[in-house]
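Asker: okay, structure incoming, though there's no sequence with it:
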């Protein structure tokens with residue numbers, strides 16, 4: 001590969017990392033509370049409220065049922081309203097964040113539901129408030145699973161960000177389409193695939209090490 005293509009590849013890698021990290025953090029900040037609400041408002045939860053649980057579940061399932069490429073196109077007016085354009089890295093962050101949030105919310109919900117019910121009941125019997133149960137029991141006990149699910153979400157976002165390149169979102173996907181596919185530069189396509197594999201494996205490795213560390217401390 002020429003120095004110019006190497007520069008393009010590094011720039012595309014930076015754009016992919018930016019899209020993945022920002023949308024991933026957004027999904028963590030918004031998805032975890034949604035997962036908590038689903039758990040505590042479910043039947044037998046510490047704040048049981050079936051109406052809220054059902055409505056929230058329907059909304060989350062509705063967004064999860066939409067293929068990302070359809071959501072990407074459907075959100076173009078909203079994306080243009082928020083960031084002033086429907087093209088580029090920052091424009092892609094909007095649909096990426098929206099598609100990752102319900103996904104991570106369900107992942108977090110599964111981890112939170114695995115918390116020992118007996119432990120929760122014991123803390124409740126001691127007079128702990130609902131907020132105290134959430135902060136001192138639910139989240140700490142489910143943290144390894146939540147972190148593992150967040151890593152899976154980041155990996156999924158890398159794939160989605162590559163797909164967003166089909167409509168000019170930038171990043172590795174855009175580079176692969178414009179040069180590897182449209183210009184038949186096989187070396188570019190191979191390089192993009194190699195970088196994506198290394199990126200995914202690296203994120204998964206770091207995530208697994210963090211989960212193991214938390215589990216040992218836990």
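Answerer: Received, thanks. These figures come from a predicted structure and were not determined experimentally.
Asker: C-alpha only now, for contacts and for neighbours.
Answerer: OK.
Asker: so what's residue 16 up against?
Answerer: Contact analysis of residue 16 by CA atoms under 8 Å, 6 or more residues apart in numbering lists 158, 161, 162, 170, 171, 172.
Asker: what's the next secondary structure element after the host helix or strand of residue 28?
Answerer: Using DSSP states H and E, residue 28 sits within helix 3-40. Heading C-terminal from helix 3-40, the first helix or strand you meet, by DSSP H and E, is helix 50-64.
Asker: gap between that following helix and the chain center?
Answerer: Distance of helix 50-64 from the chain centroid (CA atoms, centre = their mean, to the nearest Å) equals 18 Å.
Asker: quick one: name whatever helix or strand follows it.
Answerer: Counting by DSSP H and E, what follows helix 50-64 is helix 68-74.
Asker: mean confidence for the helix holding residue 28?
Answerer: When pLDDT is averaged over helix 3-40, the result is 91.
Asker: quick one: buried residues of that helix?
Answerer: Within helix 3-40, the residues that count as buried by 16 or more other CA atoms under 10 Å are 8-9, 11-13, 15-28, 30-32, 34-40.
Asker: which regions of this protein sit below the pLDDT cut-off?
Answerer: By pLDDT under 70, the low-scoring segments of the chain are 1, 181, 216-218.
Asker: how about the contacts of residue 16 in TSV, adding secondary structure, distance to residue 117 and neighbour count?
Answerer: Listed next are the contacts of residue 16 as TSV, based on DSSP: H, G, I helix; E, B strand; the rest coil; distance: CA to CA, whole Å; neighbours: other CA atoms under 10 Å:
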residue	secondary structure	distance to residue 117	neighbour count
158	helix	35	24
161	helix	38	30
162	helix	40	22
170	coil	46	27
171	helix	44	30
172	helix	44	32
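Asker: ok, of these, which one's closest to residue 191?
Answerer: residue 172 (9.7 Å; CA to CA).
Asker: please report the distance of that closest one from residue 76.
Answerer: 21 Å (CA to CA, to the nearest Å).
Asker: before we move on, what about residue 194?
Answerer: Applying CA to CA to residue 194 and residue 76 gives a distance of 30 Å.
Asker: what sits against residue 85?
Answerer: For residue 85, the contact set (CA under 8 Å, 6+ apart) comprises 79, 91.
Asker: what helix or strand is it located in?
Answerer: If you go by DSSP H and E, residue 85 is not part of any helix or strand.
Asker: now it: how far from residue 77?
Answerer: 9 Å.
Asker: residue 150 too?
Answerer: 29 Å.
Asker: check residue 60 too.
Answerer: Taking CA to CA, one finds residue 60 at 21 Å from residue 77.
Asker: what about these two, which has more around it?
Answerer: More crowded of residue 60 and residue 77, by other CA atoms under 10 Å: residue 60, with 20 against 12.
Asker: check contacts around the more buried one.
Answerer: With contacts defined as CA under 8 Å, 6+ apart, the neighbours of residue 60 are residue 102.
Asker: okay, it and residue 78: tell me how far apart.
Answerer: 19 Å.
Asker: repeat that for residue 109.
Answerer: From residue 109 over to residue 78 (counting by CA to CA), the distance is 28 Å.
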